[in-house]
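[1] Test case, fold it:
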Amino acid sequence: STREAMAVVREPYPDATFTAKRVVDVSDRSVTTVRQELADRLTEKQAAAVRAAFLAGYYETPRETTAQELAASLTIAPSTLYQHLQAAHRKLLAMAFDDLSDAN
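    Numbers count the residues shown, from 1 in each chain. Below you'll find the predicted structure:
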């Protein structure tokens, strides 16, 4: 409780004052929830492309692999890789900004 917390704080800091009590809305964005939402939104090919790109260092600076090397490792054309990555990126960003688009 607030009183118990203040009693603990006042013991070492007798001049401490209570300014405000706030209720924080904790979002249901646990790792499991986010992973499930990703699985629901991305196709298998999009998820595989993004995961492979991430693990291969495609998003590092400088890149640890090229799109051509990554596409070859997935046995797809570079243009197909770009399509999968672009679609996945759009969906991931939509997930991140859902609450912003709801406000507009």
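
[2] in the lowest-mean-pLDDT helix or strand in the chain, what's buried?
    Of the helices and strands making up the chain, the lowest-confidence element is helix 2-10, at a mean of 73, by mean pLDDT, DSSP states H and E. Of the residues in helix 2-10, none is buried by neighbour count under the rule 16 or more other CB atoms under 10 Å. (C-beta placed from N, C-alpha, C; glycine too.)

[3] which residues touch the following helix or strand past that helix?
    Where DSSP states H and E defines the elements, the next helix or strand beyond helix 2-10 is helix 31-41. Contact with helix 31-41 is made by 47, 91-92, 94-95, as judged by CB atoms under 8 Å, 6 or more residues apart in numbering.

[4] Recalculate using a threshold of 7 Å.
    Helix 31-41 has contacts (CB atoms under 7 Å, 6 or more residues apart in numbering) with 91, 95.

[5] Then stretch 80-98?
    Stretch 80-98 is contacted by residues 37, 41-42, 45-46, 49-50, 53, 67, 70-71, 74 when judged by CB under 7 Å, 6+ apart.

[6] How far off centre is that stretch?
    Centroid separation for stretch 80-98 versus its chain: 12 Å, with CA atoms, centre = their mean, to the nearest Å.

[7] secondary structure element for residue 76?
    Going by DSSP H and E, residue 76 is not part of any helix or strand.

[8] how close does it sit to residue 84?
    Residue 76 sits at a distance of 8 Å from residue 84 (criterion: CB to CB, to the nearest Å).

[9] cool, and residue 41?
    13 Å.

[10] Kindly report the same for residue 7.
    In terms of CB to CB, residue 7 sits 57 Å off from residue 84.

[11] on that earlier part again, centre of the chain versus the least confident helix or strand of the chain, how much separation?
    Relative to the chain's own centre, helix 2-10 is displaced by 36 Å; criterion: CA atoms, centre = their mean.

[12] Can you pull out the low-pLDDT segments for this protein?
    1-2, 20-29, 99-104 (pLDDT under 70).

[13] so where's the longest helix in it?
    Longest helix in the chain by number of residues (criterion: DSSP state H): helix 78-103.

[14] In that one, which residues are buried?
    Of all the residues in helix 78-103, those buried under the rule 16+ other CB under 10 Å are 81, 84-85, 87-88, 91-92, 95.
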